[in-house]
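Visitor: Compute the structure for the input listed below.
(one chain, ligands or ions: 1)
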Amino acid sequence: MSQDTIFTKIINREIPADIVYEDDLALAFKDINPQAPVHLLIIPKQPIATTNDIQKSDREIVGHLFWVASEIAREQGFAENGYRTVMNCNEDGGQTVYHIHVHLLAGKPLGWPPYQERLKT
Ligand code: AMP
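Guide: Sure, this is the predicted structure:
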């Protein structure tokens with residue numbers, strides 16, 4: 001299901017991306033539609049469609065994504081000021097690319113909650 005997403009094409013260098021980090025397990029690149037001064041996406045090279053599809057055997061890779069986030073934050077100098085990591089799942093979570101990814105947002109004070117929920121009356 002997740003084999004042919006745009007992120008697989010970025011991993012395979014079939015389409016361009018502004019890559020900021022790469023290792024054997026993960027790739028990080030700038031989001032094409034940034035929602036903060038720093039907005040990076042950290043993805044596993046192994047495609048996993050949604051967080052619902054994470055298996056127990058994927059614990060190392062998923063944990064690694066968050067380690068990469070903290071490493072980038074240190075390297076780019078915003079670890080102390082702070083940042084946000086987000087993973088969206090499926091339609092209600094706002095997921096649009098079905099290859100799991102950690103959004104890494106930083107560079108300004110980020111509001112919370114991150115959305116204005118419209119309550120049905
Ligand atoms: P999500 O909505 O959580 O699935 O996040 C997908 C993210 O991928 C969005 O923030 C998009 O702006 C971003 N995106 C989509 N296509 C590209 C691309 N070619 N290069 C970089 N970011 C992309």
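Visitor: Hmm, Ala26 and Leu40 touching each other?
Guide: No: counting by CB atoms under 8 Å, Ala26 is not a contact partner of Leu40; they are 11.4 Å apart. Glycine gets a C-beta too; all of them are placed from N, C-alpha and C.
Visitor: neighbour count winner among the two?
Guide: More crowded of Leu40 and Ala26, by other CB atoms under 10 Å: Leu40, with 27 against 21.
Visitor: tell me the average confidence for stretch 39-55?
Guide: Average pLDDT, stretch 39-55: 98.
Visitor: Stretch 75-91 now?
Guide: Taken as a whole, stretch 75-91 has an average pLDDT of 98.
Visitor: which of the residues in it are buried?
Guide: The neighbour-count check on stretch 75-91 (16 or more other CB atoms under 10 Å) flags 76, 78, 83, 85, 87-89 as buried.
Visitor: Closest to Thr5 out of those residues?
Guide: Asn88 (13.9 Å; CB to CB).
Visitor: Look up the closest residue to Thr50, ignoring the ones flanking it.
Guide: For Thr50, ignoring the flanking residues on the chain, the nearest one in space by CB to CB, 6 or more residues apart in numbering is Cys89 at 5.2 Å.
Visitor: now Lys30
Guide: Asp18 (4.0 Å).
Visitor: distance of the residue nearest the centre of the chain from Glu14?
Guide: When CA atoms, centre = their mean is applied to the chain, the residue found nearest the centroid is Val102 (2.2 Å). Counting by CB to CB, to the nearest Å, the gap from Val102 to Glu14 is 22 Å.
Visitor: I appreciate the help and will end here.
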